[in-house]
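Engineer: got a sequence here, can you model it:
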Amino acid sequence: MAQQSFSDRLKAAMCSANMKQTDLIHAAEALGFKLGKSQVSQYASGKTIPRPDVMAVLAQTLNVPTSWLAEGETHESKPAQTTSATTATAKSNTTGASSEQASGTAATITEGSAPMRQFKKSSKLDNVLYDVRGPVVDEAARMERQGMRILKLNIGNPAPFGFRTPDEVVQDMRHQLPDCEGYSDSKGLFSARKAIMQYSQIKGLPNVDMDSIYTGNGVSELINLCMQALLDNGDEILIPSPDYPLWTACATLAGGNPVHYICDEQAEWYPDIQDIESKITPRTKAIVIINPNNPTGALYPREVLQEIVDVARKHQLMIFSDEIYDRLVFDGEEHVSIASMAPDLFCVTFSGLSKSHMIAGYRIGWMVLSGNRDCARDFILGIDMLSNMRLCSNVPAQSIVQTALWGHQSVESYVVPGGRVYEQREYVYNALNSIDGITAVKPKGGFYIFPKIDAKKFNITNDEQFALDLLHEKKILLVPGKGFNWQQPDHFRVVYLPRIEVLSECMTNLDDFLRHYRQA
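Structural biologist: Model (predicted):
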């Protein structure tokens, strides 16, 4: 048999033992050894190889020799031995294979032959991560299936927290559904793009016309489309840290190299301009800003935006501005679109209705091309090609853009004193800062806060493990900082969409948890 990699041997042994990854974790726990779900997933995917002590536990759990599992040394008890007993086991396992095995992520042993061909995920996905819906969320889902109540502070999805779509929007969609049965233009319906164009002009975006507008199935689809159209292998793009992780994931998937610039917590989480400058190379094509920022809630003032424009102008960078939270701004602050300050630069501005109109499930977003389009003609051809390939975005959702943008703006009542989102922000900000070992910068937009936890005080070296420990003990689900490409294990994101009574329960339980918590 050809030499196998460690991950191949691990999966072959799991198949022979009729174990899934979760079974392996539980079996190791029974031996007194704790394995994390993401840890085992990384071993199985071949991203990492375990330490010798972990290797020994895996071998003991799977009943295979440690030397074979670690190095592939021949041994008569290895799972690939094609005796009649192992052949029968393999056939039995194949018959009752799990979906994981059927998809080709585990080896199937056949009599007298090499392992059955495996269909693995593309290597393009090896460094793509999206931990907003990652291992911690998977564990919470498993606990829910066992009947446990989970307090969810992990995702910015308004509907489950009681936020409703404005009635006028629902009625308009219902009325227009018979006219939405066919494809639209690949860029979107005329009425939707006209409303977006007018909104963009009011925001001060220069040189915007109907052909500048592209609708999408949420902003997420359009981010991916832009990264595919722009980046060649090895091209660099500047992305904030912390960031909304889809930006990093899509840039990576497109073959680009995401280069993270620091947002400074000591300066209201504003971008560190010197750090941006220091990371620009001849391969840098663009800079991304997220304003208001997810996960920090920072809102960038004109002077900060001007500094970013100056850097982009100096180095001839394209600007991508993610402004999905532009109407969720507190304390009378003004949201400024960076494109309005850069008529000579090529800018792509993203927005939509998912957050401001509490209709994330409708999947309607858009992007606006503005400024100097002469320098981006070829890129625009790529955008047009990819837009045509997906035919069009969700037509029923497009049909309500005009009503949503220019009808009653219910979001305005949420973000002023007495408004639900405003009061929930006030509560969670004060509650977090009252907990010993936690500090937080007050967000000025969106519905997230990104508190810092004293990693030294609590001996935290792995923020994902901290999130799992909190989930297991207090049934609170949140996303660790690593999920937002923050390099230190000392932050986590809290969504303050739940009502104050739920937030109060979460903050009380978090305080109680940290009174005794020390990471092992």
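
Engineer: which residues does L471 contact?
Structural biologist: Applying CB atoms under 8 Å, 6 or more residues apart in numbering, we find L471 in contact with 136, 139-140, 143, 150, 477. C-beta: built from backbone N, CA, C; applies to glycine.

Engineer: those residues in strands, which ones?
Structural biologist: By the criterion of DSSP state E, membership of the contacts of L471 in strands covers L477.

Engineer: could I have the helix or strand where V311 lies exported to PDB, CA atoms only?
Structural biologist: Using DSSP states H and E, V311 falls within helix 302-315. Taking Å, rounded to 0.1, in the frame of the first residue of the first chain, the C-alpha atoms of helix 302-315 are listed here in PDB:
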ATOM      1  CA  ARG A 302     -14.000  62.400   8.700                       C
ATOM      2  CA  GLU A 303     -10.500  63.000   9.800                       C
ATOM      3  CA  VAL A 304      -9.700  59.300  10.000                       C
ATOM      4  CA  LEU A 305     -11.400  58.700   6.600                       C
ATOM      5  CA  GLN A 306      -9.400  61.500   5.100                       C
ATOM      6  CA  GLU A 307      -6.100  59.900   6.300                       C
ATOM      7  CA  ILE A 308      -7.200  56.600   4.700                       C
ATOM      8  CA  VAL A 309      -8.000  58.400   1.400                       C
ATOM      9  CA  ASP A 310      -4.600  60.100   1.500                       C
ATOM     10  CA  VAL A 311      -2.900  56.700   1.800                       C
ATOM     11  CA  ALA A 312      -5.000  55.200  -1.000                       C
ATOM     12  CA  ARG A 313      -4.300  58.100  -3.200                       C
ATOM     13  CA  LYS A 314      -0.600  58.000  -2.500                       C
ATOM     14  CA  HIS A 315      -0.300  54.300  -3.400                       C
END
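
Engineer: chain center to stretch 339-348, what's the gap?
Structural biologist: Here stretch 339-348 shows a centroid-to-chain-centroid distance of 27 Å under the convention CA atoms, centre = their mean, to the nearest Å.

Engineer: could you pull out the buried residues of that stretch?
Structural biologist: For stretch 339-348, the neighbour count (16 or more other CB atoms under 10 Å) marks 339-342, 345-348 as buried.

Engineer: ranges for the helices of the stretch 101-250 of the chain?
Structural biologist: Taking DSSP state H, counting those that start in this stretch as the criterion, the stretch 101-250 of the chain contains helices spanning 135-145, 167-176, 190-202, 218-230, 246-253.

Engineer: re earlier: turn the buried residues of stretch 339-348 into JSON lines, columns for pLDDT and secondary structure.
Structural biologist: Output for the buried residues of stretch 339-348, formatted as JSON lines (pLDDT from 0 to 100; DSSP: H, G, I helix; E, B strand; the rest coil):
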{"residue": "A339", "pLDDT": "97", "secondary structure": "helix"}
{"residue": "S340", "pLDDT": "97", "secondary structure": "helix"}
{"residue": "M341", "pLDDT": "97", "secondary structure": "helix"}
{"residue": "A342", "pLDDT": "96", "secondary structure": "coil"}
{"residue": "L345", "pLDDT": "97", "secondary structure": "coil"}
{"residue": "F346", "pLDDT": "97", "secondary structure": "strand"}
{"residue": "C347", "pLDDT": "98", "secondary structure": "strand"}
{"residue": "V348", "pLDDT": "98", "secondary structure": "strand"}
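
Engineer: closest to G156 among those residues?
Structural biologist: V348 (21.9 Å; CB to CB).

Engineer: what sits against the closest one?
Structural biologist: With contact taken as CB under 8 Å, 6+ apart, V348 is in contact with 226, 318-321, 367-370.

Engineer: could you dump the helices of the stretch 101-250 of the chain to a markdown table with mean pLDDT?
Structural biologist: Formatted as a markdown table, these follow (pLDDT from 0 to 100):
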| stretch | mean pLDDT |
| --- | --- |
| helix 135-145 | 93 |
| helix 167-176 | 90 |
| helix 190-202 | 95 |
| helix 218-230 | 96 |
| helix 246-253 | 95 |
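
Engineer: need those in CSV (columns: distance to M19).
Structural biologist: CSV is the format used below for those (distance: least, CB to CB, whole Å):
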stretch, distance to M19
helix 135-145, 16
helix 167-176, 48
helix 190-202, 51
helix 218-230, 35
helix 246-253, 30
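
Engineer: rebuild those as TSV, extending it with mean neighbour count and distance to S278.
Structural biologist: Formatted as TSV, the helices of the stretch 101-250 of the chain follow (neighbours: other CB atoms under 10 Å; distance: least, CB to CB, whole Å):
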stretch	mean neighbour count	distance to S278
helix 135-145	17	33
helix 167-176	15	46
helix 190-202	19	33
helix 218-230	22	22
helix 246-253	23	19
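
Engineer: and Y517, which of these is closest to it?
Structural biologist: Nearest to Y517, of the helices of the stretch 101-250 of the chain and by CB to CB, is helix 135-145 at 16.0 Å.

Engineer: circling back: in helices, which of the contacts of V348 appear?
Structural biologist: Under the assignment DSSP state H, the contacts of V348 contribute C226 to helices.

Engineer: of the contacts of V348, grab the buried ones for ChimeraX.
Structural biologist: A single ChimeraX command is used to select the members of those judged buried by 16+ other CB under 10 Å:
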select :226,318,319,320,321,367,368,369,370
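
Engineer: Y496: which of the contacts of V348 is nearest?
Structural biologist: S321 (24.0 Å).

Engineer: so K20 touches K11, yeah?
Structural biologist: No. Counting by CB atoms under 8 Å, K11 is not a contact partner of K20; they are 10.7 Å apart.

Engineer: more neighbours: which of those two?
Structural biologist: Neighbour totals were compared for K20 and K11, and K11 leads with 28 against 17 (other CB atoms under 10 Å).

Engineer: from P65, how far off is the more buried one?
Structural biologist: Separation of K11 from P65 (CB to CB, to the nearest Å): 17 Å.

Engineer: and E71, by the same measure?
Structural biologist: From E71 across to P65, the span is 10 Å (CB to CB).

Engineer: what about these two, which has more around it?
Structural biologist: Set E71 next to P65 and count neighbours by other CB under 10 Å: P65 wins out with 16 against 11.

Engineer: is the nearest residue to L345 once chain neighbours are set aside bridged to anything, and to what?
Structural biologist: Of all residues not flanking L345 in the chain, G371 sits nearest, at 5.0 Å (CB to CB, 6 or more residues apart in numbering). For G371, the beta-bridge partners under DSSP bridges are F346.

Engineer: quick one, grab the pLDDT at G371.
Structural biologist: At G371, the model reports a pLDDT of 95.

Engineer: which residues does it contact?
Structural biologist: 206-207, 339, 342-347.

Engineer: quick one: the strands in the stretch 401-520 of the chain, in order.
Structural biologist: 438-439, 448-449, 452-453, 476-477, 479-480, 492-495 (DSSP state E, counting those that start in this stretch).

Engineer: including mean pLDDT and distance to S393, could those go into TSV?
Structural biologist: Shown next, in TSV, are the strands of the stretch 401-520 of the chain (pLDDT from 0 to 100; distance: least, CB to CB, whole Å):
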stretch	mean pLDDT	distance to S393
strand 438-439	97	41
strand 448-449	96	26
strand 452-453	97	38
strand 476-477	96	31
strand 479-480	94	27
strand 492-495	96	26
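
Engineer: among those, which comes closest to G352?
Structural biologist: Of the strands of the stretch 401-520 of the chain, nearest to G352 by CB to CB is strand 448-449, at 16.7 Å.

Engineer: what's in contact with the closest one?
Structural biologist: By CB under 8 Å, 6+ apart, strand 448-449 touches 156, 294-297, 425, 428-429, 432, 440-443, 493-496.
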